[in-house]
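K.L.:
turn this into a structure:
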Amino acid sequence: GVSHKTPEKVVRTLVEAYTSGSESKAKKCYGVSKADDNLQQEMDATINYYKAFAADKTEITQCGQIYQNGKITYMYVIYDLVLKNGQSYPCISTYLVKVQDKKYYLYSPSDISDKISKQAAADYQKFMTTKTYTDYTKAYEVFLKKNPGYEDKIASKLNG
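P.N.:
Have a look, this model is predicted:
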């Protein structure tokens, strides 16, 4: 199931849905039974991206707020894709979450106004200066040093 009790729970569930390839669970996180074209494209692309890694599992290490303003919460989630060789590929994702009928749902791409988008971009820039973000980038750089050419390998899988 999908918990809509907190922004953290819905974001964690979405990452798990995407990394396990569960489109139906992802739709529930957005609060839709049928995705519009923009959301469907985003879901398809995200699920295909994770499939390219062929990870054994996903380990969420951190999930928190970048900002909260009224009914909008901007969330980050940091997680590792645990690969077949035992290494962890560090990932970070951000999502906008809204409150609707006392439940939390993700914003679908078509629901994000220019104003919300500009606010999120400004707040993400501030977030990039935090220890949380710099720790993530260090872990990512360490992975790339140990695995030169890994990103090209994933890109070639995605581009067929």
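K.L.:
now for the helix or strand hosting Ala155, which elements pack on it?
P.N.:
Using DSSP states H and E, Ala155 sits within helix 150-158. Based on contacts counted as 3 or more Cβ pairs under 8 Å, 6 or more residues apart in numbering; DSSP states H and E, the elements that helix 150-158 packs against are helix 37-53, helix 131-146. C-beta coordinates here come from the backbone N, C-alpha and C atoms, glycine included.
K.L.:
quick one: the helices in the protein?
P.N.:
Using DSSP state H, the helices of the chain run over 7-20, 23-30, 37-53, 114-127, 131-146, 150-158.
K.L.:
ok, which of these comes nearest Gln68?
P.N.:
helix 7-20 (8.1 Å; Cβ to Cβ).
K.L.:
now do the buried residues in that closest one.
P.N.:
Using 16 or more other Cβ atoms under 10 Å as the test for burial, helix 7-20 gives 7-19.
K.L.:
circling back to that earlier point, mean confidence (pLDDT) on the helix holding Ala155, please.
P.N.:
Here helix 150-158 scores 90 as its mean pLDDT.
K.L.:
same question for stretch 13-32.
P.N.:
Averaged over stretch 13-32, pLDDT sits at 94.
K.L.:
run through who's touching that stretch.
P.N.:
2-4, 10, 33-35, 39, 43, 46-47, 50-51, 55, 58, 60, 77, 79, 81, 93, 95, 100, 103, 105-108 (Cβ atoms under 8 Å, 6 or more residues apart in numbering).
K.L.:
swap the cut-off to 6 Å and go again
P.N.:
Stretch 13-32 has contacts (Cβ atoms under 6 Å, 6 or more residues apart in numbering) with 2, 10, 35, 43, 46-47, 50, 58, 77, 79, 105-106, 108.
K.L.:
which residue packs closest to the residue nearest in space to the middle of the chain, ignoring adjacent ones?
P.N.:
Centroid-nearest residue in the chain: Ser93, 3.4 Å away (criterion: Cα atoms, centre = their mean). Nearest residue to Ser93 in three dimensions, chain neighbours excluded: Val77, at 5.3 Å (Cβ to Cβ, 6 or more residues apart in numbering).
K.L.:
cool, and Tyr107?
P.N.:
Leaving aside its sequence neighbours, Tyr107 sits nearest to Leu96 (Cβ to Cβ, 6+ apart; 4.1 Å).
K.L.:
cool, Asp111 as well?
P.N.:
Leaving aside its chain neighbours, Asp111 sits nearest to Lys98 (7.8 Å; criterion: Cβ to Cβ, 6+ apart).
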